[in-house]
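Peer 1: Build me a model:
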Amino acid sequence: MPRPAAPASPPRPSARGRVLRLRDGAWSRRDDRLAVEEPLEVRVAAAGAPPEPVTVTMRTPGADFALAVGLLVTEGLIAPDDVARVAYCTGPGVPQAFNAVTVHTRRPLRRPVSPRAHAMTAACGLCGRVTLDELAVRCAAVDDDATFDAAWLTALPDALRDTQPGFARTGTLHGAGLFTPGAPPLVAEDIGRHNAVDKVIGAAAMDGRLPLRGTVLTVSGRVSFEIVQKAAMAGIPVICAVSGPSTLAVTASHELGITLAAFVRGGDMNVYSHDERIRQGDD
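Peer 2: Below you'll find the predicted structure:
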């Protein structure tokens, strides 16, 4: 039986669909845009060794190389300057050609690849970990004396939303952005919150920008422990979130030297840790 041909190009981040909509008591059928969710297998080929599977995560196609690099960096498997090249796994008879990425590194991995009980989902980067030992923090606390105006911070969620075309089309995608006063933001979208964070950190890593001193990571949803850990691995001093944090996220932000601001809406916010980095009105 002949093998299926590999797709000619990567899948798109959104697709058309039909929807039955109820608005103001009236029903109508209309075209809609849906966020695409497909698996991505991340592999690593360390210092010329054969590719080794790391994980499978559900993601929105786009910025796949940045997602793969960001995931490996924030998992502590590689350093940013370890990356030699990144490539899709393509070739005859590869039906998932653009759903598998290999990161080739110049040096061996910084630690062994941990087994996963099952594929990661778009919702939770920690799902499937075999042991809770993997939750141990693997990085030093962020040492950054940068400060930021409170008014500027409270405007970041709206600024993030304004740079999310995928969310505008689908109403589904999470966003993550790296913001620096006076500079253009670096923004990524994905169906998974953790994937969006990995994409922006991975893009910055490939540009040689880590550690990300003097930056603010803004996320469109809640803050979990893993998002705090990813920020710490990248040297980001401040996290700004539209929704609330978990208890473990707050504990981790205290221990990792990260300023955590959440429920940032309409000019308001709650600051849970290291508020010395926030300049209040009369400071």
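
Peer 1: Next secondary structure element downstream of the helix or strand of the chain with the lowest mean pLDDT?
Peer 2: Every helix and strand of the chain was ranked by mean pLDDT, DSSP states H and E. The lowest is strand 14-23, at a mean of 74. Sequence order places strand 26-35 as the next helix or strand after strand 14-23, per DSSP states H and E.

Peer 1: That following strand - contacts with which helices or strands?
Peer 2: Secondary-structure packing of strand 26-35 (3 or more C-beta pairs under 8 Å, 6 or more residues apart in numbering; DSSP states H and E): strand 14-23, helix 165-170. Using the backbone N, CA and C atoms, a C-beta is placed for each residue, glycine as well.

Peer 1: Just send those back as TSV, with mean neighbour count too.
Peer 2: Listed next are the helices and strands packed on strand 26-35 as TSV, based on neighbours: other C-beta atoms under 10 Å:
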stretch	mean neighbour count
strand 14-23	11
helix 165-170	17
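
Peer 1: Between strand 26-35 and the least confident helix or strand of the chain, find me the angle.
Peer 2: Counting by axes from the mean of the first three to the mean of the last three C-alpha atoms, to 10 degrees, strand 14-23 lies at 160 degrees to strand 26-35.

Peer 1: which outside residues touch strand 14-23?
Peer 2: 27-36, 166, 169-170 (C-beta atoms under 8 Å, 6 or more residues apart in numbering).

Peer 1: and F263, how many residues sit next to it?
Peer 2: Neighbours of F263 under the rule other C-beta atoms under 10 Å: 16.

Peer 1: what sits against it?
Peer 2: Contacts of F263 (C-beta under 8 Å, 6+ apart): 241-244, 269-270.

Peer 1: same thing but at 6 Å, please
Peer 2: With contact set as C-beta atoms under 6 Å, 6 or more residues apart in numbering, F263 has these partners: 244, 270.

Peer 1: for it, phi and psi?
Peer 2: phi 50, psi 40 (degrees, to the nearest 10).

Peer 1: returning to that earlier point: of all the helices and strands packed on strand 26-35, which one is nearest R222?
Peer 2: With C-beta to C-beta, the closest approach to R222 among these belongs to helix 165-170: 16.0 Å.

Peer 1: and that closest one, what's its mean pLDDT?
Peer 2: For helix 165-170, mean pLDDT rounds to 84.
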